[in-house]
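Colleague: here's my sequence, what's the structure:
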Amino acid sequence: MDIGAADYVHEVKALMDGIVQTQGSAVKDAAALMIESLLNDGVIQAFGSGHSEAIAMEIAGRAGGLVPTNRLALRDIVLYGEAPVDVLLGAPGELERDPTVARRVYELAPVRPQDVFVLISSSGVNGSVVELASIVKEKGHSLIALTSVQHSTQMTSRHPSGRKLLDFADVVLDNGAPYGDAVLPLADGGAFGAVSTITSALLAQMIVAEVVRGLTGAGLTPPVYRSANVIGGDEHNRALENRYAGRIRRGA
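Modeller: You can find the predicted model right below:
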């Protein structure tokens with residue numbers, strides 16, 4: 001076997017080209033939901049568990065991104081609730097498969113009716129994210145799902161309802177990752193070279209770009225973060241964050 005970095009880059013480039021070709025309409029639809037929320041003084045609520053939390057971080061609280069964004073996480077039940085830290089110390093993946101934790105995550109969040117949600121899960125079948133999607137729609141929020149359609153449709157839901165994340169979404173963004181995520185074959189039948197984080201981050205930034213374009217086109221100044229590591233960045237960011245005091249968390 002002589003497969004390495006160049007082969008991985010080739011696969012990633014092909015997936016990224018595919019996303020650009022196939023997801024443009026969904027990206028615009030997702031951006032439209034976000035713009036509508038922001039124009040109504042809403043906040044973009046992002047959630048992902050496991051590696052998908054990295055994509056929530058792409059959306060909420062990073063340089064070049066939108067300020068009115070908030071990141072939800074499973075550990076919120078400890079950080080902002082009364083759950084003991086031991087609940088975070090179970091077997092890998094145990095908590096994210098538990099649907100009962102989702103309502104507490106939502107209840108502890110600084111959510112308003114006009115907020116829009118972006119839920120990220122490449123598999124889209126684990127109990128916590130599916131239950132959170134159900135709650136989001138129950139509460140009347142718009143929901144954008146970022147998932148792997150191929151992977152999700154080949155999986156059995158781990159939620160008692162049998163439903164998956166994409167079943168609840170107003171807009172589905174497909175990150176193009178294959179079943180199992182990895183793209184380079186091993187001789188024993190396995191694979192290596194995961195791609196979903198890269199392709200999902202691309203989609204997240206494409207949405208931000210469309211939101212900024214839409215707000216600018218409407219004659220508005222987009223509320224965008226500057227890097228905290230440039231002169232004046234902290235002051236710029238604090239002034240914008242103050243508009244959403246108590247509604248956006250910038251903790252752990």
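Colleague: and the contacts of stretch 213-231?
Modeller: Residues outside stretch 213-231 that contact it (Cβ atoms under 8 Å, 6 or more residues apart in numbering): 31-32, 35, 38, 61-68, 211-212, 232-234, 236-237, 240, 243. The C-beta positions use only the backbone N, C-alpha and C, and glycine is treated the same way.
Colleague: ChimeraX command for the buried members of these?
Modeller: The following ChimeraX selection, which keeps only the buried ones among the contacts of stretch 213-231, applies the criterion 16 or more other Cβ atoms under 10 Å:
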select :31,35,38,61,62,65,66,67,68,211,212,236,237,240
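Colleague: residue 28: how many residues sit nearby?
Modeller: For residue 28, the tally of surrounding residues (other Cβ atoms under 10 Å) stands at 15.
Colleague: one step back: now, the contacts of stretch 213-231 that are in helices?
Modeller: Using DSSP state H, the members of those that fall within helices are 31, 32, 35, 38, 211, 212, 233, 234, 236, 237, 240.
Colleague: can I get these in CSV with distance to residue 184 and pLDDT?
Modeller: Below are those laid out as CSV (distance: Cβ to Cβ, whole Å; pLDDT from 0 to 100):
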residue, distance to residue 184, pLDDT
31, 33, 98
32, 36, 98
35, 38, 98
38, 40, 98
211, 34, 98
212, 35, 98
233, 39, 97
234, 42, 96
236, 42, 97
237, 40, 96
240, 42, 97
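Colleague: what is the nearest of those to residue 173?
Modeller: Each of these was scored against residue 173 by Cβ to Cβ, and residue 31 proved nearest at 10.7 Å.
Colleague: OK, contacts around the spatially closest residue to residue 80 that is not a sequence neighbour?
Modeller: Counting by Cβ to Cβ, 6 or more residues apart in numbering, residue 108 is the residue found nearest to residue 80 once chain neighbours are left out, at 4.5 Å. For residue 108, the residues meeting the contact criterion (Cβ under 8 Å, 6+ apart) are 76, 77, 80, 81.
Colleague: mind checking which of these are buried?
Modeller: Those of those that meet the buried threshold are 76, 77, 80, by 16+ other Cβ under 10 Å.
Colleague: if I look at the last one, how far off is residue 16?
Modeller: This points to residue 80. For residue 80, the distance to residue 16 equals 36 Å [Cβ to Cβ, to the nearest Å].
Colleague: over to the second one?
Modeller: With distances defined as Cβ to Cβ, the gap from residue 77 to residue 16 amounts to 35 Å.
Colleague: turn the buried ones among the contacts of residue 108 into CSV, columns for distance to residue 49, secondary structure and pLDDT.
Modeller: Putting the buried ones among the contacts of residue 108 into CSV (distance: Cβ to Cβ, whole Å; DSSP: H, G, I helix; E, B strand; the rest coil; pLDDT from 0 to 100) gives the following:
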residue, distance to residue 49, secondary structure, pLDDT
76, 11, helix, 95
77, 12, helix, 95
80, 16, coil, 95
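Colleague: from residue 49, how far off is the closest residue to residue 47 other than its chain neighbours?
Modeller: Leaving aside its sequence neighbours, residue 47 sits nearest to residue 72 (Cβ to Cβ, 6+ apart; 4.2 Å). Applying Cβ to Cβ, the value for residue 72 to residue 49 is 10 Å.
Colleague: then residue 179?
Modeller: Look at residue 179 and residue 49: by Cβ to Cβ, they are 19 Å apart.
Colleague: compare those two and say which is more crowded by neighbours.
Modeller: Neighbours of residue 179 and residue 49, each counted by other Cβ under 10 Å, are more numerous for residue 49; the result is 24 against 14.
Colleague: so how far is residue 96 from the more buried one?
Modeller: The span separating residue 49 from residue 96 equals 4 Å under the rule Cβ to Cβ.
Colleague: same question for residue 226.
Modeller: In this structure, residue 226 and residue 96 are 33 Å apart, going by Cβ to Cβ.
Colleague: cool, residue 47 as well?
Modeller: With the distance defined as Cβ to Cβ, residue 47 ends up 11 Å from residue 96.
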